[in-house]
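*Asks:* coords below, sequence missing:
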């Protein structure tokens, strides 16, 4: 993709809408919608890198209620012709085809390569990548297995959704404090993952979420790993203007 003159590509991750409660997350949701309104004027494309919701599950005829401001704004932007791409995170990994059917937003379950103005990007949420975290990787295989989703679907939404929200809020990562501490360039597992990928192919930019901590790490010759931070504590986002990538803060 060649980015048109005076246009930019935007990236955001880790909103965790609905956490710790629907009411408590509403101010953050309204701020995120303001950001979407702000960037739609010069956006060539928008990438949402997962954990938009703190919990999401698509029953055959039901999705979790709420988040109408976000969904409505995404529909408006998509209908205007601005492409939006969604990568599932570990909190909304049970997303299926609702976004694709209702909003015309493609949904990706694995990192994907994109090229903009001859710059090669590898983009994804970031969970389960790199060394370590073997317990989570095993659990993820269980969660995404079709049989697990089939079993969960038999829970009535009035039981299944509150239960999942309760368990999700217990995850310390949504608080953005204890778990979101910089580990050092040689220990940040997504930076390690990026360095390994560079042994197979050159990428100019690795862009991920999940860590809730905005950062930039040089991972090789003319190659950088960026983490987008979150919309809980930092309200940070990524922007590529066709020449350089930056992480900025939305006030």
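*Replies:* Looks like it arrived, so ask away. This is a predicted model, so every value here is computed, not measured.

*Asks:* just for the stretch 51-200 of the chain, where's the confidence low?
*Replies:* Along the stretch 51-200 of the chain, the model assigns pLDDT under 70 to residues 132-144, 166-179.

*Asks:* please redo it, this time with the cut-off set to 50
*Replies:* Residues of the stretch 51-200 of the chain that meet the criterion pLDDT under 50 lie in 173-178.

*Asks:* how about the helices of the stretch 1-150 of the chain, start to end?
*Replies:* Listed in chain order, the helices of the stretch 1-150 of the chain (DSSP state H, counting those that start in this stretch) span residues 22-39, 68-79, 98-103, 134-143, 146-153.

*Asks:* how about those helices, which one is nearest residue 15?
*Replies:* In this view, the helices of the stretch 1-150 of the chain are compared for proximity to residue 15 by C-beta to C-beta, and helix 22-39 is the closest at 5.8 Å. C-beta: built from backbone N, CA, C; applies to glycine.

*Asks:* on that earlier part again, for residue 207, which of the helices of the stretch 1-150 of the chain is the nearest?
*Replies:* Between residue 207 and the helices of the stretch 1-150 of the chain, the shortest gap by C-beta to C-beta is with helix 22-39, which sits at 15.9 Å.

*Asks:* in the closest one, what counts as buried?
*Replies:* Of all the residues in helix 22-39, those buried under the rule 16 or more other C-beta atoms under 10 Å are 22, 25, 28, 29, 32, 35, 36, 39.

*Asks:* if we can go back for a sec, for the helices of the stretch 1-150 of the chain, which one sits closest to residue 192?
*Replies:* Of all these, helix 134-143 sits nearest to residue 192, with 14.6 Å by C-beta to C-beta.

*Asks:* fine by me, thanks again.
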